[in-house]
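> Fold the following for me, if possible:
(one chain, ligands or ions: 3)
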Amino acid sequence: MTTLIRIALQKSGRLSEDSYQLFKECGIRFDYGTGKLKSVSSNFPAEFLFLRDDDIPGYVEDGVADLGIVGENVAVESARSVQTVHRLGFSKCRLSIAIPRSESWSSISDLHGKNIATSYPRLLGNYLAEQGVQANIHEISGSVEIAPSIGLAEAVCDIVSSGSTLLSNGLKEVETIFRSEAILVANNTLNDEQQVILEKLLFRIKAVQAAKNNKYILLNAPNNAIPDIISLIPGMKSPTVVPLAMEGWSSVHSVINENDFWENIEAIRAAGAQGILVIPIEKMIN
Ligand SMILES: Nc1ncnc2c1ncn2[C@@H]1O[C@H](COP(=O)(O)OP(=O)(O)OP(=O)(O)O)[C@@H](O)[C@H]1O
Ligand SMILES: O=P(O)(O)OC[C@H]1O[C@H](OP(=O)(O)OP(=O)(O)O)[C@H](O)[C@@H]1O
Ligand SMILES: [Mg+2]
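Ligands and ions are numbered 1, 2, ... in the order given. This is a model prediction of the structure:
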């Protein structure tokens, strides 16, 4: 029987859509939705399990699933023994302490002897211990931001992204204790065949991520500007330079990193480039 790798994904929530999209971009097809809790891929040796995110680190530790996608916040809070094999760059958020907007704040020691509501008692407890603050942690499983307005706690520690949930609950963020993104976790004892499948999957994920982080660039420039332009956009190995029909001009094709994009474009124009086209890349393999 062919080995399948079992991959646990969040059934429905903040991680789901991007997780499904990632596998789609990796060319791995499987059915999901319509109440399905399990699905075997039609074109990759993988079986997908659709679960609550909090259960994923435990299933991966126990080997019920071989791999899982989960928020780093949940993985660390769970304290399960799993390995982080790749950072996925989506579902970015932070775990922050917040207090009512009307309250003053000078430092973390303001929380001495106070009650803090959170779904992350371990992460919060460790942070408070590091800071030498003694406070009471009230663990609640959701709707944490409501706690101060119902008299349950003076502060909360919860996930923040845009900050709109804090704002609409009359709270302000005062301290960030952890930054998180989705991660791919694996069981600590994958066998050789599973390791091979994981490597195949990682190869595809890296190609998809590299493509997202880079753009294909085409431009025209007078021949005497080409050396400067090439030094600004060296590309994967070296840019392609082809002559234009117009005497003394060439077209340069290369790859440019998204992070330095605007700065680079300005420098390229200053060096003499014209007619610059920038095109998304679908997959990028080094
Ligand atoms: N507002 C947000 N923006 C970006 N990422 C977020 C946001 N909220 C949560 N996340 C990340 O997504 C993960 C899942 O969040 P979600 O709110 O879907 O969890 P949940 O309600 O516990 O879901 P489940 O029903 O599966 O238990 C979080 O652990 C965190 O890593
Ligand atoms: O800073 P913001 O952009 O407002 O995001 C933060 C909120 O997002 C998450 O909840 P979610 O909306 O996923 O609902 P949930 O509480 O049901 O998980 C999280 O628990 C926060 O409450
Ligand atoms: Mg959950």
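
> Distance from the helix or strand bottoming out on mean pLDDT in the chain to the middle of the chain?
Using mean pLDDT, DSSP states H and E, the weakest-scoring helix or strand in the chain turns out to be helix 261-270, at a mean of 94. Chain-centre distance of helix 261-270: 28 Å, with CA atoms, centre = their mean, to the nearest Å.

> what packs against that helix?
helix 226-232, strand 249-257, strand 274-280 (3 or more CB pairs under 8 Å, 6 or more residues apart in numbering; DSSP states H and E). Any C-beta I mention is one placed from the backbone N, CA and C, and that applies to glycine too.

> Please, where are all the helices along the stretch 101-250 of the chain?
Secondary structure of the stretch 101-250 of the chain (DSSP state H, counting those that start in this stretch): helices located at 121-131, 164-168, 192-213, 226-232.

> hang on, the earlier thing: name the residues of the least confident helix or strand of the chain that are buried.
By 16 or more other CB atoms under 10 Å, the buried positions in helix 261-270 come out as 265, 267-268.

> With distance to ligand 1 added, can I get those residues in CSV?
Shown next, in CSV, are the buried residues of helix 261-270 (distance: CB to the nearest ligand atom, whole Å):
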residue, distance to ligand 1
Ile265, 30
Ala267, 34
Ile268, 35
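
> out of those residues, who's near ligand 3?
Subset of the buried residues of helix 261-270 in contact with ligand 3: empty, counting by CB under 5 Å from the ion.

> Let me have those residues in JSON lines, adding distance to Arg179 as columns.
As requested, the buried residues of helix 261-270 are arranged in JSON lines below (distance: CB to CB, whole Å):
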{"residue": "Ile265", "distance to Arg179": "29"}
{"residue": "Ala267", "distance to Arg179": "31"}
{"residue": "Ile268", "distance to Arg179": "33"}
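
> And those, which is closest to ligand 3?
Ile265 (41.9 Å; CB to the ion).

> ok, that closest one to Ala273 distance?
9 Å (CB to CB, to the nearest Å).

> just the buried residues of helix 261-270 that are near ligand 2?
The subset of these within reach of ligand 2, by CB under 6 Å from any ligand atom, is empty.

> From these, pick the one nearest ligand 2.
Ile265 (31.2 Å; CB to the nearest ligand atom).

> The closest one: what's it in contact with?
Neighbouring residues of Ile265 by CB atoms under 8 Å, 6 or more residues apart in numbering: 256, 276, 278.

> again, 10 Å this time
215, 217, 219, 232-233, 256, 273, 276, 278 (CB atoms under 10 Å, 6 or more residues apart in numbering).

> Which of those residues are buried? Put it as a PyMOL command.
Buried subset of the contacts of Ile265, written as a PyMOL selection, criterion 16+ other CB under 10 Å:
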select buried, resi 215+217+219+232+233+256+273
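
> of the contacts of Ile265, closest to Ile285?
Lys215 (15.9 Å; CB to CB).

> OK, contacts around the residue lying closest to the closest one once chain neighbours are set aside?
Once flanking residues are discounted, Lys215 sits nearest to Val278: 4.9 Å by CB to CB, 6 or more residues apart in numbering. Applying CB under 10 Å, 6+ apart to Val278 gives the contacts 215-219, 256, 261, 265.

> follow-up on the earlier one: now for Ile265 and Ala273: what residues contact both?
The contact lists of Ile265 and Ala273 share 217, 219, 232-233, where a contact means CB under 10 Å, 6+ apart.

> and the residues you listed as JSON lines, adding distance to Asn136 and pLDDT?
Below are those laid out as JSON lines (distance: CB to CB, whole Å; pLDDT from 0 to 100):
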{"residue": "Ile217", "distance to Asn136": "56", "pLDDT": "96"}
{"residue": "Leu219", "distance to Asn136": "61", "pLDDT": "98"}
{"residue": "Leu232", "distance to Asn136": "57", "pLDDT": "96"}
{"residue": "Ile233", "distance to Asn136": "56", "pLDDT": "95"}
